[in-house]
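# Got a predicted model here, sequence first, then my questions.
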Amino acid sequence: MAAEGLIQRVHGGALLRSPATASYTARQQQAPSAKHNIAQVAARLVQNGQVVILDGGTTNVLVAQQLPLDIEATVITNSPRRPSR
C-alpha cells in the first residue's frame with residue numbers, strides 16, 4: 001500500500017497519506033483568491049503587543065505579507081521561507 005501511495009509507513013504502524021502531500025508550489029495555486037481573502041482578514045486581527053504563531057502553510061505566508069510594516073507584534077514561525085513584500 002505504501003508503494004501505491006495510499007499509506008505512509010512509520011515506526012510501529014502506518015498512517016493514511018495526507019492530502020497535503022502536494023508540493024508547496026502546487027498548494028500556492030489552490031484557491032488563491034480564498035487564501036488572499038483569509039490572509040487579509042487574519043492580518044487585521046493581529047494587534048500591537050500580541051504574540052502570533054504562523055505555521056509554514058501557503059495561506060500563512062500571505063498573512064505575514066499582509067501585516068503592516070509598523071506592527072509591534074512578535075511573530076513566531078517554523079517556515080524557512082521569508083515572505084517577500
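Nice, I can see it. What you are looking at is a predicted structure, and each value in this text was computed from that prediction instead of being measured.

# OK, contacts around the most centrally placed residue in the chain?
For the chain, the residue nearest the mean C-alpha position is residue 57 (1.3 Å; C-alpha atoms, centre = their mean). When contacts are counted by C-beta atoms under 8 Å, 6 or more residues apart in numbering, residue 57 is found next to residue 27. Every C-beta, even on glycine, is put in place using the N, C-alpha and C of the backbone.

# residue ranges for the strands of the chain, please.
For the chain, the strands defined by DSSP state E occupy 7-10, 13-16, 51-54, 74-77.

# Which of those comes out lowest on mean pLDDT?
Per-stretch averages of pLDDT across the strands of the chain put strand 13-16 at the bottom, with a mean of 66.

# ok, residues contacting the lengthiest helix in the chain?
If you go by DSSP state H, the chain has its longest helix at helix 32-45. The contact list for helix 32-45 (C-beta under 8 Å, 6+ apart) reads 58-60, 62-63, 65-68.

# Closest one of the residues you listed to residue 46?
Lowest distance from residue 46 to these (C-beta to C-beta) belongs to residue 67, with 6.1 Å.

# tell me the pLDDT at the closest one?
The model's pLDDT for residue 67 equals 95.

# same deal with residue 22?
In this model, residue 22 is scored at 77, pLDDT.

# distance of it from residue 36?
Using C-beta to C-beta, to the nearest Å, residue 22 is found at 19 Å from residue 36.

# for residue 77, same thing?
Using C-beta to C-beta, one obtains 19 Å as the distance from residue 77 to residue 36.

# Residue 48 against residue 73, yeah?
Yes: counting by C-beta atoms under 8 Å, residue 73 is a contact partner of residue 48 at 6.2 Å.

# More neighbours: these two, which one.
Shown here are residue 48 and residue 73; by other C-beta atoms under 10 Å, residue 73 has more neighbours (13 against 9).

# If we ignore the residues flanking it in sequence, what's nearest that one?
residue 50 (4.8 Å; C-beta to C-beta, 6 or more residues apart in numbering).

# coming back round to it: give me the more crowded residue out of residue 77 and residue 36.
Higher neighbour count among residue 77 and residue 36: residue 77, with 17 against 14, using other C-beta under 10 Å.
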